[in-house]
Every structure is written in C-alpha cells, then in structure tokens.
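K.L.:
only the shape, not the letters, is given here:
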C-alpha cells in the first residue's frame, strides 16, 4: 500500500519572534486538523500563508507586492489556497481580501487557531474568509500540545500591548495586554521540558507587563513566573523578550541577582536618549530613569550583555536630541542594537507629524550603527579568555563536521571543535567553552568540560 499524499504548507514569516512563534503554531494547528506537512519549497505547497508584520516601512504595500508574486503559483494548480495572517492582516481586514483577488483567508494573531474553520469556509463558499477579531487568549485553549524542535523553545505568556506609543501600530493590530494563567504557562514549559528542551524564551509584546492569574485568584508577575520555571530541574536557562523600561521592576532586577538560570542578557528598548523625544513618543520614562535601571542591573550582574532598540529621526528630532542619544549609548555601552529610521505607520498619532529629510536621518543612523558595532566588538574581545556556558544547538554551518554551535548566556553564538565521537551526544547539552577568538558575528572557542 502507498501512503496517501499529505497536503503541504509553506509559511513565509515577516517580523518579530512573536511572529515566528505564531507561524509554528499555525503549522501545528493545520497538521493536527488536516494533516498538513510543512515544506520549505513553495512550489510543492498546497497552501501558502504569509505571516505579516506592520513594524517596517510601507508594510502594507510590501505585502501586496508579495501577494502579486503568488498569482501564477495559485493559477498553476486547482485547489491551491493563499492566506494572510499577522499584523497587516489584522490592520487591513476585509480591505486586504478585496484588494488582493488571490487571497482566500485573512486572519489576525488572535485567530490563527481558527484556520481550519476559515479554510473550510472558503472551500465551501469560494469566497474569502476573514476573521481579525480579538478573542483575547482564547487561541491558547485551542492549540495542539507544544512540539519541541531542538533544545530551545519559545513560550508566549501574554498577548497585545497597552502602552500606545505614538509611533506604534501594535496595540491596534494585536489588542490590549492579556496575560495567560500561570498554570497554563507552566504546563506548556513542563511539556517542552519532557521533550528535552533545556532553554525557554518567554515572549510578549511587553513581556514584563505579565500579570498572570492563579487558581486562587491571585495575580503574579514575570519575576514570580521566572522563579517557578527555574524550579523545573531540566530547564537550565531562561530568557524573556521584549521588555518595556517603564515596567522593568525591582523584582526583575532582584531576579538577575538571585536566579542563576536567568540568562545574563537583556534586550531593553530605549528608542531615544532625548527626554523631549521620549515624551513625544509617549514612552513613559526619561533617559535618566532608563540609565538608573541599567546601573542597578549591572550592580547585581556586572557582566550582563545589553541590547536595545533605537528609532532615529523621529519627527522633530534635532541635532541636540540625537547627541543625547549618542551620549546615552556611551553611558550604557550596549553590546548590540536594532536601529531604524523612523517611518510613519498609518493610524498612529505620530503619522501626522512631518518627517525629517532623508539625508539627515541616514547620516545619523550610520553614525549610531558604527558606534554600536564598535562597542559590540569591544564586548566580544573582552570575552576572550573567559569560559562561557553554552547550550549546544546544532553542528556548525561553516566549520567542519566536528564543530558544534550553540548560544552562550550573553546571547552570542559560539563555535567550537569537539571529538567526532562526542559531537552528536553533546547537541542539546550545556558545555563549558573557553573563548579563544571573537569574530564579527560569533565567538570561537575550545571545549572545556561538559556540564550535566
């Protein structure tokens, strides 16, 4: 007997780690409901899903351009379907289906669990099926059990954002902040731990706003959740992203002092070093308040790696404002940063403001990124001669077959050689690696001792 051909699913993901997480859940839902197998070859697919992001400039136009590429693909075989999910889908809704004639399904981040129902609807009616509602965290009650695909895993602990920064579309596309119950998060982590996951990254648009309800009616914060996960013996490392400085609490700083499983790395977006610009952005803190949190954090964990986000050229940003940003960079000495030129998001308050000349913003961005690269190189050089605890994730992609690659607590990739007979068994384990070289995007080292 021959095995029946299973339908194939191709997902193209844009944007943040939340979107990567959601794409994995889409695949899980469709595999369980209809037997879809994920493929990296779109020509082999029966269903293409575009999981979109609104953060980048002209996000909507880029989605429509992407959809145009798949017109011939859809026409080449009967029954092929195209779906659009994520933040652009949430923002555009019915308008997306009307404008892009080849789209069959439009769904938001909170309705991805309804994909099987939406696909059935469009197959029956031969009309686009659209659902971009905000049913809070209903989706987590309808997702299949988590599947591990290696020694690391993401766990979403909350949805949405209630900060309403003046430039940001996320609250409008993902809704208000809603936290998952504590027991539900812990149950998912334990299921992943049973599948040999050793490192957990907790996800949320504003993850340190987590306020998880408990069975006895209490509400717990992110620091409490981290402490609970740390009690799971086989989980060896915990990360979280993305944080908001206004809610980076004393309890979280204390967690870095007392919880050895919490990775020595923090991504804490600052966006600008100018109080005037931060006020226009509606960020809810000053540069001095941000620096004070960093100083307190480094007092309890001096070697912590720190990354951040910058928006360069926010409307009204003067040379003096930008110099304050550069001064903050010198003060905090970031290891890395994601930095972008401001671009308006339709529907946000800042979209009404006049943008700066492109030649000004490009020059500022280049100067900022150059300095961040220099600081990152210094941070990496300072690691030479140290011993880093590395979670081995895979064989190295650029070295010989006896080279392995994993991530250190500081979030940098580390490549190292090991005896051929040990290579396979070390994947998924923590090992000690002495750093011998700092390359632009990774570290190299030599194996010291395996850690149980």
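P.N.:
Cool, got the structure. None of the values given here were measured: they were computed from a predicted structure. Residues are numbered from 1 along each chain as shown.

K.L.:
from here on, just use CA atoms for contacts and neighbour counts.
P.N.:
OK.

K.L.:
following the chain onward from the helix or strand hosting residue 288, which element is next?
P.N.:
Taking DSSP states H and E as the definition, residue 288 sits inside helix 287-300. Downstream of helix 287-300, the first helix or strand assigned by DSSP H and E is strand 305-312.

K.L.:
starting at the chain centroid, how far to the helix holding residue 288?
P.N.:
Offset of helix 287-300 from its chain centre (C-alpha atoms, centre = their mean, to the nearest Å): 24 Å.

K.L.:
which elements pack onto that helix?
P.N.:
helix 250-258, helix 319-332 (3 or more C-alpha pairs under 8 Å, 6 or more residues apart in numbering; DSSP states H and E).

K.L.:
and the contacts of the longest one?
P.N.:
What it means is helix 319-332. 272-274, 276-277, 287, 291, 294, 312, 364, 368, 372 (C-alpha atoms under 8 Å, 6 or more residues apart in numbering).

K.L.:
filter the residues you listed to the buried ones?
P.N.:
272-274, 277, 287, 291, 294, 312, 364, 368, 372 (16 or more other C-alpha atoms under 10 Å).

K.L.:
and of the residues you listed, the nearest to residue 218?
P.N.:
Minimum distance to residue 218 across those is 29.8 Å, recorded for residue 294 (C-alpha to C-alpha).

K.L.:
in space, what's closest to the closest one - neighbours in sequence excluded?
P.N.:
Distance criterion C-alpha to C-alpha, 6 or more residues apart in numbering; nearest residue to residue 294, sequence neighbours excluded, is residue 332 at 7.2 Å.

K.L.:
closest to residue 131 among the contacts of helix 319-332?
P.N.:
Nearest to residue 131 among the contacts of helix 319-332, with distances taken as C-alpha to C-alpha, is residue 312, at 35.1 Å.

K.L.:
so that closest one bridges to which residues?
P.N.:
In this entry, residue 312 is beta-bridged to residue 341, by DSSP bridges.

K.L.:
is residue 403 bridged to anything, and to what?
P.N.:
With DSSP bridges as the rule, residue 403 is bridged to residue 417.

K.L.:
now it: how far from residue 253?
P.N.:
36 Å (C-alpha to C-alpha, to the nearest Å).

K.L.:
same check, this time on residue 47
P.N.:
45 Å.

K.L.:
more neighbours: those two, which one.
P.N.:
residue 47 (22 against 19; other C-alpha atoms under 10 Å).

K.L.:
for that one, give me its contacts.
P.N.:
7-10, 80-83.

K.L.:
quick check: PyMOL command selecting the buried ones in those residues.
P.N.:
Listed next is the PyMOL selection for buried residues among those, using 16+ other C-alpha under 10 Å:
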select buried, resi 7+8+9+10+81+82+83
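
K.L.:
keep only those of the contacts of residue 47 that are in helices.
P.N.:
Counting by DSSP state H, no part of these is found in helices.

K.L.:
next, the buried residues of stretch 130-143.
P.N.:
Neighbour count says stretch 130-143 has 130-134, 136-137, 139-140, 143 buried, by 16+ other C-alpha under 10 Å.

K.L.:
same question but for stretch 221-236, I mixed them up
P.N.:
So for stretch 221-236, counting by 16+ other C-alpha under 10 Å, buried means 221-227, 229-230, 234-236.

K.L.:
now the two most distant members of the residues you listed.
P.N.:
221 and 234 (22.5 Å).

K.L.:
can you tell me the SS state at residue 414?
P.N.:
strand (DSSP: H, G, I helix; E, B strand; the rest coil).

K.L.:
for it, which non-adjacent residue is closest in space?
P.N.:
In space, residue 414 is closest to residue 443, 4.6 Å off (C-alpha to C-alpha, 6+ apart).

K.L.:
again, but for residue 167
P.N.:
residue 350 (5.1 Å).

K.L.:
quick one, longest helix in the chain?
P.N.:
helix 358-382.

K.L.:
report all helices and strands that whichever helix or strand comes after that helix contacts.
P.N.:
Using DSSP H and E, the helix or strand that follows helix 358-382 in sequence is strand 387-395. Other helices and strands packing on strand 387-395, by 3+ C-alpha pairs under 8 Å, 6+ apart, are strand 403-408, strand 430-438.

K.L.:
so for the residue nearest to residue 167, what's the pLDDT?
P.N.:
Residue 350 is assigned 94 on the pLDDT scale.

K.L.:
before we move on, back to that, which stretch among the helices and strands packed on strand 387-395 comes nearest residue 245?
P.N.:
strand 403-408 (24.1 Å).

K.L.:
what sits against the closest residue in space to residue 128 that isn't next to it in sequence?
P.N.:
Spatial nearest neighbour of residue 128, excluding adjacent residues (C-alpha to C-alpha, 6+ apart): residue 104 at 4.4 Å. Contacts for residue 104 (C-alpha under 8 Å, 6+ apart) come out as 81-83, 97, 119, 122, 127-129.

K.L.:
the same query, at a cut-off of 7 Å, please.
P.N.:
Residues in contact with residue 104 (C-alpha atoms under 7 Å, 6 or more residues apart in numbering) are 81-83, 122, 127-129.

K.L.:
quick one: residue 187 from residue 229, how far?
P.N.:
10 Å.

K.L.:
now swap in residue 251 and tell me
P.N.:
According to C-alpha to C-alpha, residue 251 and residue 229 sit 16 Å apart.

K.L.:
show me where pLDDT drops low in the stretch 251-400 of the chain?
P.N.:
Residues of the stretch 251-400 of the chain that meet the criterion pLDDT under 70 lie in 399-400.

K.L.:
and with 90 instead?
P.N.:
Along the stretch 251-400 of the chain, segments meeting pLDDT under 90 span 345-347, 395-400.

K.L.:
could you report the neighbour count for residue 378?
P.N.:
14.

K.L.:
and it, how far from residue 105?
P.N.:
Distance from residue 378 to residue 105, by C-alpha to C-alpha: 48 Å.

K.L.:
likewise for residue 331?
P.N.:
Counting by C-alpha to C-alpha - residue 331 and residue 105 are separated by 48 Å.

K.L.:
who has more neighbours, those two?
P.N.:
For residue 331 versus residue 105, the count of surrounding residues by other C-alpha under 10 Å is larger for residue 105: 26 against 12.

K.L.:
please name the bridge partners of that one.
P.N.:
Here residue 105, judged by DSSP bridges, has bridge partners residue 83, residue 129.

K.L.:
what's near enough to touch it?
P.N.:
Going by C-alpha under 7 Å, 6+ apart, residue 105 touches 82-84, 118-119, 128-130.

K.L.:
equivalent analysis for residue 278, please.
P.N.:
272, 286.

K.L.:
repeat that with 8 Å
P.N.:
Taking C-alpha under 8 Å, 6+ apart, one finds 271-272, 284-286 in contact with residue 278.

K.L.:
need those in a markdown table with secondary structure and distance to residue 156, can you?
P.N.:
Output for the contacts of residue 278, formatted as a markdown table (DSSP: H, G, I helix; E, B strand; the rest coil; distance: C-alpha to C-alpha, whole Å):
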| residue | secondary structure | distance to residue 156 |
| --- | --- | --- |
| 271 | strand | 24 |
| 272 | coil | 27 |
| 284 | coil | 24 |
| 285 | coil | 26 |
| 286 | coil | 29 |
